[in-house]
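Novice: Structure for the following, please:
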Amino acid sequence: MNDLSQRFIKAIGAVSVTDWQLRPSLHANGLKPEAGALARVLNSTTLDEPIKIFESEDRAAIAVQKRYKLAAGWAALLSLVAVVIAAALIVVQPIGLASAELIRALVVIQGAALVTSFALSLIVSHTSLFSRWMAHRANAEFWRIEYFKRVLAAKEVHGPNELPLLPLQLEYFRKHQLDVQRRYYDKRGGQHARSVRWGAGLRWLALLLIVAAAIPPVAAGFGFDWQSYLASRGWSSPPIELAIQQRAFIALSTVGAALQGWLAARDLVNQDARNAARYAATLVNLEALAERPLDEARLAAADGDKGRVLQFAALVDQQISSEHREWVDLRSLAPNLSLERLTDRTLPRPPPNGS
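Specialist: Numbers count the residues shown, from 1 in each chain. Got it, this is the predicted structure:
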């Protein structure tokens, strides 16, 4: 990176924790005086439309996401609770380990959990919360891209004591789009990966419970008296009937299967496995674009080659928009569906491999 590029970077200002927000007037106030041409672009009214729609769609996406995760998450959890109670009753009810009052209370809780779980599942299904969340998020990300496209497409003559506009536009895009997205995919990808590892740990626990519960009845089936064997080794305990051992195996197996089902539902709700892999791949691509391609775009910007700068921005936007493209409703972006309007609003092209 040459000294001239450093001047443009310093003119844009330091990174802020709120850089993900589209606040052009705030961004303009943080620019150095020599970035006056970019400040005038950011204060222009041409950016009002994408900002207004982005903020509206972003708020809608967050609101629907919360409702979806709350309803779907509780539906899965309550289903697990109902199965765990049923498994417990299989063991304790026949041998009188619990009072009649406690058993009645557990049955009531189980029934309420099942009814509520099914009700929440129906709400999630019939209100299309997931697809609405994805659609709002896709539209928000589209208009975020549209915002930066307008910033990069703007023209403004720089004053005698000001830096040229094109390199400033590139550094603004780098700071508020490329760098912001790199931080996002790094942080969120890590969170999804940790959640995947946590789920894998619980799956191993479920497997151990099932195996431990299976050993006694299986051993008895082969004629091995495990209780006598433990007693000969100094482990004394009250004898446990084979029927109780079998009930314990059924109960723990049921709990293990229910736990696996809950983890699968939880992963589906949070999309942990999918996003952990996808975000990691996107981060690798964005990090690669932040190296030589960015340096080449800086050289092109210094030479006034706007086409090359726009090509670089399109490559970045392509990575960001790939997971949202299928949810974008073209009618919401261009109601009359005219070719000219659609061409102007087109999202970045998909990667050559179609992923």
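
Novice: distance of the residue positioned nearest the centre of the chain from residue 12?
Specialist: Note on the chain: the residue nearest the mean C-alpha position is residue 275, at 5.7 Å, using Cα atoms, centre = their mean. Separation of residue 275 from residue 12 (Cβ to Cβ, to the nearest Å) stands at 30 Å. Every residue, glycine included, has its C-beta placed from N, CA and C.

Novice: residues contacting the residue nearest to the centre of the chain?
Specialist: Residues in contact with residue 275 (Cβ atoms under 8 Å, 6 or more residues apart in numbering) are 188, 189, 192.

Novice: What about the last one, how many residues nearby?
Specialist: Think residue 192. Using other Cβ atoms under 10 Å, residue 192 has 22 neighbouring residues.

Novice: what residues are up against it?
Specialist: Shown in contact with residue 192 (Cβ under 8 Å, 6+ apart): 270, 271, 272, 273, 275, 276, 279.

Novice: Just checking, which helix or strand succeeds the helix or strand harbouring the residue nearest to the centre of the chain along the chain?
Specialist: According to DSSP states H and E, residue 275 maps onto helix 272-289. Per DSSP H and E, the first helix or strand lying C-terminal to helix 272-289 is helix 292-302.

Novice: List the buried residues of that next one.
Specialist: For helix 292-302, a neighbour-count test (16 or more other Cβ atoms under 10 Å) marks 294, 297, 298, 300, 301, 302 as buried.

Novice: where's the last one relative to residue 312, distance?
Specialist: This means residue 302. 13 Å.

Novice: Enumerate the positions of stretch 85-98 that are buried.
Specialist: For stretch 85-98, a neighbour-count test (16+ other Cβ under 10 Å) marks 85, 86, 87, 88, 89, 90, 91, 92, 98 as buried.

Novice: Output it as PDB, restricted to C-alpha atoms.
Specialist: What follows is stretch 85-98 as a C-alpha-only set of coordinates in PDB (Å, rounded to 0.1, in the frame of the first residue of the first chain):
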ATOM      1  CA  ILE A  85     -41.800 -36.600  31.400                       C
ATOM      2  CA  ALA A  86     -43.300 -39.600  29.600                       C
ATOM      3  CA  ALA A  87     -40.000 -41.400  29.900                       C
ATOM      4  CA  ALA A  88     -39.800 -40.700  33.600                       C
ATOM      5  CA  LEU A  89     -43.400 -42.000  34.100                       C
ATOM      6  CA  ILE A  90     -42.500 -45.200  32.400                       C
ATOM      7  CA  VAL A  91     -40.000 -45.900  35.100                       C
ATOM      8  CA  VAL A  92     -41.500 -44.400  38.300                       C
ATOM      9  CA  GLN A  93     -45.200 -45.100  37.900                       C
ATOM     10  CA  PRO A  94     -45.300 -48.900  37.900                       C
ATOM     11  CA  ILE A  95     -43.000 -49.200  40.900                       C
ATOM     12  CA  GLY A  96     -44.500 -46.500  43.000                       C
ATOM     13  CA  LEU A  97     -41.500 -44.200  43.100                       C
ATOM     14  CA  ALA A  98     -43.700 -41.100  43.000                       C
END
